[in-house]
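Enquirer: missing the sequence, but the structure's below:
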C-alpha cells in the first residue's frame, strides 16, 4: 500500500506521491488517474525531497510527462507547506527552478504565488482542419501553448482542440479565449488529458498573448477565468516575466495499491 494525497487547483486535480523512490510506468499512472478503477485525477505529481530542493515530476493521465504544470506546482507547494516545509521555497521542475510563496492558508486551502518564468512567443501555428485555416499564437511557458481569441463554440473546441494539440512534435496545449468585462475567459484542451477545468501555465500563456494584443496591460494583474475558477496573472513589461497567483486545496489522503 502506498500513501497518497489528492489535491486540486481550480478543479485540475492530482494524485500526489511523495518520495516514492521509483519511476511510475505509464500503465500505473493511467490506473491511478482512472476515475472508476483508480483514485481519479488529471495527473500524478511525484514529489522528491531528498535533493537540495524539492522536485516535482508531472505525469499526465495518459502516462506522458509534460515539462511543467502550473496548477500542479501550486498543489505541490501546498503539499509541502501542509507538511511544514515552509512558506517560501524553490521547486525544481523539468522546465527549470520556480520560486514559490504561500500568500495565505486556511483549512487545507493555500493561496500560492509562483514566479512562472518568461513567456516566450513562437511562430504562429496554422492548421487546416475540415477545409478551413485555423491560426493560433504560440507561447512557451516551459511547456508549449497554442492560443486563439477567435470565436469557437463547444462543438468546435472538441474537434479543433485535439487536432491542434497533436500537430507539433510532442504536442501542445490549446487555449480558446474570450476577452471582456475585465477578464479573459478560457477553455483548455490539455495534451495528454483533454478538456480540463484549469491550466496554470495556459493561463500564463493567455495573459501574455492578451498583453501582446492589447486586450490587457503589461504590469497589471490579468484575471484569467477558467471553468474551475479564476487565476491572477501578471506579465512584466520588457522582460515578459510572469507571476501567477491562485489556490491549491488538499482534498483527502489515503492508501492505494499501485503495482
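Expert: Happy to help now that I have it. Because the structure is predicted, anything quoted here is derived from the model rather than measured.
Enquirer: in this protein, which segments are predicted with low confidence?
Expert: In the predicted model, the chain carries pLDDT under 70 at residues 84-86.
Enquirer: Okay, domains of it per the record?
Expert: Using automatic domain parsing, the domain parsing of the chain gives 2-117+247-256, 120-241.
Enquirer: what would those look like in JSON lines with mean neighbour count?
Expert: Just so you know, the C-beta spots here come from the backbone N, C-alpha and C atoms, and that holds for glycine as well. Listed next are those as JSON lines, based on neighbours: other Cβ atoms under 10 Å:
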{"stretch": "domain 2-117+247-256", "mean neighbour count": "19"}
{"stretch": "domain 120-241", "mean neighbour count": "19"}
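Enquirer: which residues touch the residue of the chain positioned farthest from its centre?
Expert: Largest separation from the mean C-alpha position in the chain: residue 131, at 31.3 Å (Cα atoms, centre = their mean). Applying Cβ atoms under 8 Å, 6 or more residues apart in numbering to residue 131 gives no contacts.
Enquirer: Check residue 69 too.
Expert: Contacts for residue 69 (Cβ under 8 Å, 6+ apart) come out as 43, 45, 56, 58, 143, 200-201.
Enquirer: Could you save the residues you listed as TSV and add columns showing secondary structure?
Expert: Below are the contacts of residue 69 laid out as TSV (DSSP: H, G, I helix; E, B strand; the rest coil):
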residue	secondary structure
43	strand
45	strand
56	strand
58	strand
143	coil
200	helix
201	helix
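Enquirer: Which one of the residues you listed is nearest to residue 235?
Expert: Nearest to residue 235 among the contacts of residue 69: residue 201, at 13.1 Å, using Cβ to Cβ.
Enquirer: okay but the closest one is in contact with residue 144, surely?
Expert: No. Applying Cβ atoms under 8 Å, one finds residue 201 not in contact with residue 144, separated by 9.2 Å.
Enquirer: list the residues that contact both of these two?
Expert: In contact with both residue 201 and residue 144: residue 173, using Cβ under 8 Å, 6+ apart.
Enquirer: okay, the contacts of residue 69 in a markdown table with distance to residue 33 next?
Expert: Output for those, formatted as a markdown table (distance: Cβ to Cβ, whole Å):
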| residue | distance to residue 33 |
| --- | --- |
| 43 | 7 |
| 45 | 11 |
| 56 | 17 |
| 58 | 12 |
| 143 | 18 |
| 200 | 18 |
| 201 | 19 |
